[in-house]
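> Here is a sequence with its predicted model. Questions after.
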Amino acid sequence: MRVNEIFYSLQGEGFYSGTPAVFVRFSGCNLKCSFCDTRHDDYADMTEDEIMYEVSKYPACHIVITGGEPALQITASLVGRLHAAGKYVQMETNGTSRLPADCGVDWITCSPKYRPVRLEHIDELKVIFQSSEQDMSVYDRYTAAVYSLQPCDVGDAKVNARILKEAVEYCLAHPKWRLSLQTHKMLDIR
């Protein structure tokens, strides 16, 4: 598997924000989003044994499989091994690829990027919010336990402040949505 990095930190966004977690970041994606935080050309080929060894170095039971697009590489075998080691497996995906049969991921965070979602189950729908002009009605067709709205970080403090203000206003007007902030960036951690 092409692994960009494995590291230990706090989950910085979404429902599990603040949870200590081991991140397994796969490299490679079928989309090329301008705001992606993964360098797709930087990876190491790793076996499941090597991934399990790296994950075992950290005390957390919460594992975040992310990317890139992890659905392109995730296997039921790896998830099964993580479960056997007592781990809870969360996956962050754009939802454009089906998961392997009997994959067994415990929590699926889907962040659709204006492409058809091919997942049968979503636990958390996490939408990257870019402006009040964004057509949020496209997300009405998705059913999830949690709906998270995350202001897009565009790297410009003034624009980010406007996006955050509009996201707060949207959540207040549409209370099924909860605000998801990138707390890891605020805390200056990975």
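Sure, I can see it. Residues are numbered from 1 along each chain as shown.
> and the longest strand belonging to the chain, which residues are buried?
In the chain, taking DSSP state E as the definition, the longest strand is strand 2-10. Buried residues in strand 2-10, counted by 16 or more other Cβ atoms under 10 Å: 2-6, 9-10. For the C-beta atoms, the positions are set from N, CA and C on the backbone; glycine is no exception.
> Can I get it in CSV? Just the C-alpha atoms.
The C-alpha coordinates for strand 2-10 follow below in CSV (Å, rounded to 0.1, in the frame of the first residue of the first chain):
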residue,chain,number,x,y,z
ARG,A,2,1.2,3.5,-0.7
VAL,A,3,1.4,5.3,2.6
ASN,A,4,2.2,9.0,2.8
GLU,A,5,2.7,9.0,6.6
ILE,A,6,1.7,7.4,9.9
PHE,A,7,1.6,9.7,12.9
TYR,A,8,0.0,10.2,16.3
SER,A,9,-2.0,13.3,17.2
LEU,A,10,-5.5,14.5,18.1
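> Only alpha carbons, please: show the lowest-mean-pLDDT helix or strand in the chain as PDB.
Lowest mean confidence among the helices and strands of the chain (mean pLDDT, DSSP states H and E): helix 183-186, at a mean of 77. Only the C-alpha atoms of helix 183-186 are listed here, as PDB (Å, rounded to 0.1, in the frame of the first residue of the first chain):
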ATOM      1  CA  THR A 183      -8.600  22.500  15.600                       C
ATOM      2  CA  HIS A 184      -5.300  20.900  14.800                       C
ATOM      3  CA  LYS A 185      -4.400  24.000  12.800                       C
ATOM      4  CA  MET A 186      -5.500  26.300  15.600                       C
END
